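Participant: Got a sequence here, can you model it:
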Amino acid sequence: MRNIVIGSGPAGRLGSLELGKLGEDVTLIEKNHIAGTCLNEGCMVICALTDITKFIDTNNRFNNYGFIKSQLDISYEKIVEKIVETQEKLRALNQMENESFGNNIIYGEASIEGETVSVNGESLEYDNLLIATGARPFIPDIKGKEYGLTNKDILKIDKVPEKLNIIGGGVIACEIANIYSNLGSEVNILARSKFLKEIGENAKKYILENIMKDINIFENTNVKEAFKDKVLTEDGKELEGIPFFATGRTPNSEIAKDIVELNPNKTIKVNEMMKTSAENIYAAGDVTGGYLLTPVARKEGIVAARNMAGYGNKISYSCIPQALSLNTEASFVENEKSQCSDEDKATIGIPGIAGPHSFWHILSGDTGYTEVEFDKENNKINRINSISPSSGSDVAYLSYLMRMDYNLDDYSEFIEIHPSTDSNYKIIKNMWL
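Facilitator: This is a model prediction of the structure:
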């Protein structure tokens, strides 16, 4: 079977790898760089820069405690240079990995014409097609929008902005604000409605008071016009600073227009097997909407690949863990299928006083915060918000146990590695079981 995959981001790359592992004939077509937004413009860039801000935060903490005296001289230009150098190494590894399964990789812009895909003047026939073309930053239609930066521009600017207006109130806005505030920018966040609606109110309060306390937050604020070095809000505020749009993503679905059915928001409509309205065309990743997360895109790509190879597989979205990449990680997960009534809910919260890298936070009192909501009737977890250096791994494991519908009694024999998941498990094992 001839399989063509368009797009090499998390969905397309993992989908093509899975097809190769299953012994299928695979051609992977990529417009720009292998590994897509995640490596080249998105999460990996955010994580790399957040590693720097964590180091700055730790340095400042130790200086304040008085047992280390150091002054940092940070070169944003050099940071960008080393990020790009690392990206090049990872691209080479990703290409080598894909080709090791016999997959053919073509760089060029593809178009779909019936039962063929055209790229670089060549027409390729396919038996199955996977569209994994991802998404791009959504920029609202306001006057002066051409002056705004997005995550695509992070590695293009040559210095840290003196002042920055981040338009948006979600995860991306939060992470960008944390990075540039720590690098020395004066940062405003302008959220159209509430800031960080994705997480619980107590966790949000902790983030604002302890992690992002130097950032100005304007909720229920719409931007009327953007300029090169300021923005004007609809309620008359004039805020100095370069505009930065973190206002969501829009799918790169133009390639599939008039070929497969689209949703009202222009994402590609798929079923639980990642199949589109066309019999032999599949889609996966951000171009299909839903959770715009790398792990979800990977899973979707693998599910699509297995179905393309004739191995029936279905996607399941339940208890998806998410995180904010900040100086102290903030992770959260919710069981959206829970039928628990308000009377049967119990919520317990404690400071995050354990886990790796937590010891030196105790003196300053910013040890984190963990909150777990329980279903008392069914003896299960409904929701977790965790802010701690180890929350990413903690919540990932706990979300799996939630997804598998384990009873709380199943936690009783769990033995963690100390220091790691202590904070969450202290609640679950000692305060509830």
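
Participant: Could you list the domains of the protein?
Facilitator: 2-136+250-308, 145-245, 322-432 (automatic domain parsing).

Participant: May I see these organised as TSV, with mean neighbour count added?
Facilitator: C-beta coordinates here come from the backbone N, C-alpha and C atoms, glycine included. Formatted as TSV, the domains of the chain follow (neighbours: other CB atoms under 10 Å):
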stretch	mean neighbour count
domain 2-136+250-308	19
domain 145-245	19
domain 322-432	18
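
Participant: Which of the helices or strands spans Lys78?
Facilitator: helix 76-99 (DSSP states H and E).

Participant: wait, which of the domains of the chain is closest to Ile315?
Facilitator: Closest approach to Ile315 among these (CB to CB): domain 2-136+250-308, 4.7 Å.

Participant: Switch the domains of the chain over to JSON lines; also include distance to Lys314 and mean pLDDT.
Facilitator: Putting those into JSON lines (distance: least, CB to CB, whole Å; pLDDT from 0 to 100) gives the following:
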{"stretch": "domain 2-136+250-308", "distance to Lys314": "4", "mean pLDDT": "97"}
{"stretch": "domain 145-245", "distance to Lys314": "26", "mean pLDDT": "97"}
{"stretch": "domain 322-432", "distance to Lys314": "14", "mean pLDDT": "87"}
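
Participant: Dump these to a markdown table, plus distance to Ile315.
Facilitator: Shown next, in a markdown table, are those (distance: least, CB to CB, whole Å):
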| stretch | distance to Ile315 |
| --- | --- |
| domain 2-136+250-308 | 5 |
| domain 145-245 | 21 |
| domain 322-432 | 13 |
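
Participant: Quick one: residues contacting the spatially most central residue of the chain.
Facilitator: Residue closest to the mean C-alpha point of the chain, counted by CA atoms, centre = their mean, is Leu293 at 4.7 Å. Contact analysis of Leu293 by CB atoms under 8 Å, 6 or more residues apart in numbering lists 320, 322.

Participant: Mind jotting down where the strands sit in the stretch 301-433 of the chain?
Facilitator: Assigned by DSSP state E, counting those that start in this stretch, the strands in the stretch 301-433 of the chain fall at 322-324, 330-334, 345-351, 369-375, 380-387.

Participant: Now distance to Tyr147 too, for those strands, in TSV please.
Facilitator: Listed next are the strands of the stretch 301-433 of the chain as TSV, based on distance: least, CB to CB, whole Å:
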stretch	distance to Tyr147
strand 322-324	27
strand 330-334	31
strand 345-351	42
strand 369-375	37
strand 380-387	34
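
Participant: who wins for proximity to Asn94 among those strands?
Facilitator: strand 322-324 (22.6 Å).

Participant: partners of the closest one, with directions?
Facilitator: The strands that strand 322-324 pairs with in its sheet are strand 330-334 (antiparallel) (by DSSP bridges).

Participant: hang on, the earlier thing: show me how far the helix or strand that the helix holding Lys78 is followed by is from its chain's centre.
Facilitator: Downstream of helix 76-99, the first helix or strand assigned by DSSP H and E is strand 104-107. Put simply, strand 104-107 sits 26 Å off its chain's centre (CA atoms, centre = their mean, to the nearest Å).

Participant: who does strand 104-107 pair up with?
Facilitator: Checking strand 104-107 against DSSP bridges gives partners strand 25-30 (parallel).

Participant: Mind listing residues that contact the strand it pairs with?
Facilitator: Identification of contacts with strand 25-30 by CB under 8 Å, 6+ apart yields 1-8, 12-13, 16, 19-20, 98, 101-108, 110, 117, 119, 124, 126.

Participant: packing partners for the helix or strand that that strand is followed by?
Facilitator: Per DSSP H and E, strand 25-30 leads on to helix 36-40 as the next helix or strand towards the C-terminus. When contacts are defined as 3 or more CB pairs under 8 Å, 6 or more residues apart in numbering; DSSP states H and E, helix 36-40 packs onto helix 10-21, helix 76-99.

Participant: then helix 36-40 to PDB, C-alphas only?
Facilitator: Below are the C-alpha coordinates for helix 36-40, written out as PDB (Å, rounded to 0.1, in the frame of the first residue of the first chain):
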ATOM      1  CA  GLY A  36       6.800  20.900  12.800                       C
ATOM      2  CA  THR A  37       5.800  23.700  15.200                       C
ATOM      3  CA  CYS A  38       6.700  21.800  18.400                       C
ATOM      4  CA  LEU A  39      10.500  21.800  17.700                       C
ATOM      5  CA  ASN A  40      10.900  24.700  15.400                       C
END
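
Participant: relative to helix 10-21, how tilted is the helix or strand following that helix?
Facilitator: Next helix or strand after helix 36-40 toward the C-terminus (DSSP H and E): helix 43-65. Relative orientation of helix 43-65 versus helix 10-21 (axes from the mean of the first three to the mean of the last three CA atoms, to 10 degrees): 120 degrees.

Participant: just the angle between helix 43-65 and helix 76-99, please?
Facilitator: Put simply, helix 43-65 runs at 140 degrees to helix 76-99, going by the same axes, to 10 degrees.

Participant: then helix 43-65 to PDB, C-alphas only?
Facilitator: Taking Å, rounded to 0.1, in the frame of the first residue of the first chain, the C-alpha atoms of helix 43-65 are listed here in PDB:
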ATOM      1  CA  CYS A  43       6.900  24.000  22.800                       C
ATOM      2  CA  MET A  44      10.600  23.100  22.500                       C
ATOM      3  CA  VAL A  45      11.500  26.800  22.000                       C
ATOM      4  CA  ILE A  46       9.400  27.700  25.000                       C
ATOM      5  CA  CYS A  47      11.000  25.000  27.200                       C
ATOM      6  CA  ALA A  48      14.500  26.000  26.100                       C
ATOM      7  CA  LEU A  49      13.800  29.600  27.100                       C
ATOM      8  CA  THR A  50      12.100  28.600  30.300                       C
ATOM      9  CA  ASP A  51      15.200  26.600  31.300                       C
ATOM     10  CA  ILE A  52      17.000  29.900  31.200                       C
ATOM     11  CA  THR A  53      14.400  31.700  33.300                       C
ATOM     12  CA  LYS A  54      14.500  28.900  35.900                       C
ATOM     13  CA  PHE A  55      18.300  29.400  36.100                       C
ATOM     14  CA  ILE A  56      17.800  33.100  36.500                       C
ATOM     15  CA  ASP A  57      15.200  32.500  39.200                       C
ATOM     16  CA  THR A  58      17.400  30.100  41.100                       C
ATOM     17  CA  ASN A  59      20.400  32.500  40.800                       C
ATOM     18  CA  ASN A  60      18.400  35.300  42.300                       C
ATOM     19  CA  ARG A  61      17.100  33.100  45.100                       C
ATOM     20  CA  PHE A  62      20.600  32.000  46.100                       C
ATOM     21  CA  ASN A  63      21.900  35.500  45.900                       C
ATOM     22  CA  ASN A  64      19.100  36.700  48.200                       C
ATOM     23  CA  TYR A  65      19.900  33.900  50.700                       C
END
